[in-house]
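> Could you look at this predicted model? Sequence included:
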Amino acid sequence: MRGPSWRAGHRDPGSPPRITRDESGHGLVIGADEPGDTAARPDGPETRRRRRWMTVAVVGVLTVATAATWALAGQARTPRELAAAASAPPKSAITVPVRFGSLVRTVGLECAAAPSTRVPVPVPVPPDNGEPVVTALPVKRGGQVSEGKVVMEVSGRPVIVLVGRLPSYRDILPGVSGPDVRQLQRALTRLGLLRQAAGPNGVFDARTRAAVAGLYRARGYPAPGPTAAPDPGATTGQGSRTGDAQGPKTDDVMVPRRELLTVPQLPARLGTVKTRVGASVKAGDVVMEAGSPVLRCAVPDPGAVQGLAKGAQASVTSPSGSTVRARVGQVTTGQQGGDGQAPQDTTSPAAGQDGSAGGGDQTVTELLLVPERRIKAGGGYQARIEVEKAEHSGPIVPSSALWSRAGGRTVVKIVRSGQSSEASVEPGFEVDGEVAVQAAEGTLRQGDQVLVSGEAGAP
């Protein structure tokens, strides 16, 4: 008996497979479905699903195969195409326009604005001809100095500032005359110590000698003379000297050249001080500065300004970014000490007031620029200076645009409308990869293109 789940024409899914004979009656068929099992029929739903999935799979495989074939076909190259791809690309023509002007070689320097005049303070000769020692410094570094002021005292003798263009170059003795005496008389008149109805006569006469004695006396010092000597019991310092400050008789009064410091203009200030009270002092240790600010530019490489002419033009940029034109005043070589002070000018006439070119630790070169308008003192200025300029204005081309030809000729290749032609030129002044050239009139025009690399069409 079969269970209740059995129905005719169907096999219970949980029952064991059926074993039947085949149509011949001799073979056995295991698990064959009964005639009523529709799922396995050729036109059944399961068969149709299988056929659909098989169709989709075949179409997908064909699509992928077709795409791969086209991709491989696109990568294929003929031998001619491969040879063309391996060859170098054609040279392209690189041209540069011709410009006209004056070629200029410039140099850039860092500058600082400082008073235009630097005058070393002379060192008086001690009365006993011993070592000069600073006994007073009435003015501090950077302090303003007026006419008649004592700026330094050495071994009890003062250095007095007067205004004048001519440096003190000799001792002024009774009876001498000259422009230096006339300059001294003008200074004594401005200080109210000398009155001359007819004006300075240039003679160191009795009236002038009396005025000089008054100049020293008002500052607490005996007037200098052949027999003058400081009072051994006096104290040092301007205006503090005691005892006999009368000095020699008027007929013997003189002016030692190292006790006067002349500056061309006021106001002036004490710029360099490389000594102190009680220390020895030498030429260049103390320097006065006067006049409107000029630009002092350190030159690291003196060869860079070789041939620089006085009056050459310069463009200066201030720390704030403004620009001012300037001209070259002079190039000086001097000494700079370890304190970083500017070099002492050894070419200026004023450098002779103390009988020495100055001292220092390092020789430096300095360029002086005179600005066209007043500028502020201080550092941070950048100057671009014209060192050398082409003699004539004319065409300028890159040095790479020059081509050598047989016979020592030099040519440029002019490119117009895609066609090139050669023109002979004579190279001249060269600066930073540019060359000033001379060519026949009309050969080169403003804006012409010259070949620097590659090839252009031939005419």
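Done, it's in.
> gap between the closest residue to Ala279 other than its chain neighbours and Pro120?
For Ala279, the nearest residue in space outside its immediate sequence neighbours is Val134; the separation is 5.8 Å by CB to CB, 6 or more residues apart in numbering. For glycine as for every other residue, the C-beta is placed from the backbone atoms N, C-alpha and C. Summarising the geometry, the distance separating Val134 from Pro120, computed by CB to CB, to the nearest Å, is 15 Å.
> Pick out whichever of these two has more residues nearby.
With other CB atoms under 10 Å as the criterion, Val134 and Pro120 differ in neighbour count, and Pro120 comes out ahead with 26 against 21.
> Kindly state the beta-bridge partners for that one.
Using DSSP bridges, the bridge partners assigned to Pro120 are Val287.
> That one against Val287, yeah?
Yes. In terms of CB atoms under 8 Å, Pro120 counts as a neighbour of Val287; the distance is 5.2 Å.
> which residues sit against the helix or strand hosting the residue nearest to Ala279?
Under the criterion DSSP states H and E, the helix or strand holding Val134 is strand 134-136. Strand 134-136 is touched from outside by 150, 152-156, 236-238, 275-281, with contacts defined as CB atoms under 8 Å, 6 or more residues apart in numbering.
> Which members of those residues are the farthest-apart pair?
Largest separation among the contacts of strand 134-136 by CB to CB: Gln238 and Ser280, giving 20.3 Å.
> For Arg195, which non-adjacent residue is spatially closest?
Once chain neighbours are set aside, the closest to Arg195 by CB to CB, 6+ apart is Thr189, at 7.1 Å.
> What ranges does the stretch 101-250 of the chain have for its helices?
179-190, 206-218 (DSSP state H, counting those that start in this stretch).
> To Val64, which of the ones you listed lies closest?
Ranking these by distance to Val64, with CB to CB as the measure, places helix 179-190 first at 110.0 Å.
> From the contact counts, what lies against that closest one?
Counting contacts by 3 or more CB pairs under 8 Å, 6 or more residues apart in numbering; DSSP states H and E, helix 179-190 packs against strand 157-163, helix 206-218.
> any chance of these in JSON lines, with mean neighbour count too?
As requested, the helices and strands packed on helix 179-190 are arranged in JSON lines below (neighbours: other CB atoms under 10 Å):
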{"stretch": "strand 157-163", "mean neighbour count": "22"}
{"stretch": "helix 206-218", "mean neighbour count": "20"}
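> which stretch among those comes nearest Arg182?
Taking CB to CB as the criterion, Arg182 comes closest to helix 206-218 out of the helices and strands packed on helix 179-190, the separation being 9.9 Å.
> Now the helix or strand following the closest one - C-alpha only, CSV.
Downstream of helix 206-218, the next assigned helix or strand under DSSP H and E is strand 260-263. Coordinates of the C-alpha atoms in strand 260-263 are reproduced here as CSV (Å, rounded to 0.1, in the frame of the first residue of the first chain):
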residue,chain,number,x,y,z
LEU,A,260,90.8,122.8,14.5
LEU,A,261,88.4,120.6,12.7
THR,A,262,86.7,122.3,9.7
VAL,A,263,83.5,120.8,8.3
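> I'd like the average pLDDT over strand 260-263.
On average, the pLDDT along strand 260-263 is 94.
> contact partners of it?
In contact with strand 260-263 (CB under 8 Å, 6+ apart) are residues 117, 119, 121-122, 151, 159-168, 183-184, 288, 290, 350, 353.
> in that strand, what counts as buried?
By neighbour count with 16 or more other CB atoms under 10 Å, strand 260-263 contains the buried residues 260-263.
> which is the next helix or strand following it?
Beyond strand 260-263 toward the C-terminal end (DSSP H and E), the next one is strand 268-273.
> Quick one: residues in contact with that following strand.
Contacts with strand 268-273, where a contact means CB under 8 Å, 6+ apart, come from 114-115, 117-118, 137, 139-145, 151, 161, 284-290, 339, 341.
> what's the spacing between that strand and its chain's center?
Its chain's C-alpha centre lies 28 Å from the corresponding centre of strand 268-273 when counted by CA atoms, centre = their mean, to the nearest Å.
> repeat for stretch 212-226
51 Å.
> Need the CA coordinates for the helix or strand where Val397 lies. CSV is fine.
Secondary-structure element containing Val397, defined by DSSP H and E: strand 394-398. Presented in CSV, the C-alpha positions along strand 394-398 are these (Å, rounded to 0.1, in the frame of the first residue of the first chain):
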residue,chain,number,x,y,z
GLY,A,394,70.8,100.1,-32.6
PRO,A,395,69.4,96.6,-33.1
ILE,A,396,69.8,94.1,-30.2
VAL,A,397,69.5,90.3,-30.6
PRO,A,398,70.1,87.3,-28.4
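> and that strand, which strands flank it?
Paired strands of strand 394-398, with direction, are strand 99-101 (antiparallel), strand 434-439 (antiparallel) (DSSP bridges).
> For it, list every residue counted as buried.
Neighbour-count burial for strand 394-398 flags 394-397 (criterion: 16+ other CB under 10 Å).
> Name the nearest of these relative to Val431.
Each of those was checked against Val431 using CB to CB; the closest is Ile396, at 9.3 Å.
> how close does the closest one get to Ile94?
18 Å.
> Apart from its chain neighbours, what residue comes closest to Leu444?
Closest residue in space to Leu444, ignoring its immediate chain neighbours: Pro395 at 4.5 Å, by CB to CB, 6+ apart.
> The one you found contacts Ala440, doesn't it?
No. Counting by CB under 8 Å, Pro395 sits too far from Ala440 to count as a contact (11.1 Å).
> Closest one of the buried residues of strand 260-263 to Ala406?
Minimum distance to Ala406 across these is 67.6 Å, recorded for Val263 (CB to CB).
> Identify the residue spatially nearest to that closest one, adjacent ones excluded.
Nearest non-adjacent residue to Val263, counting by CB to CB, 6+ apart: Ala290, 4.6 Å away.
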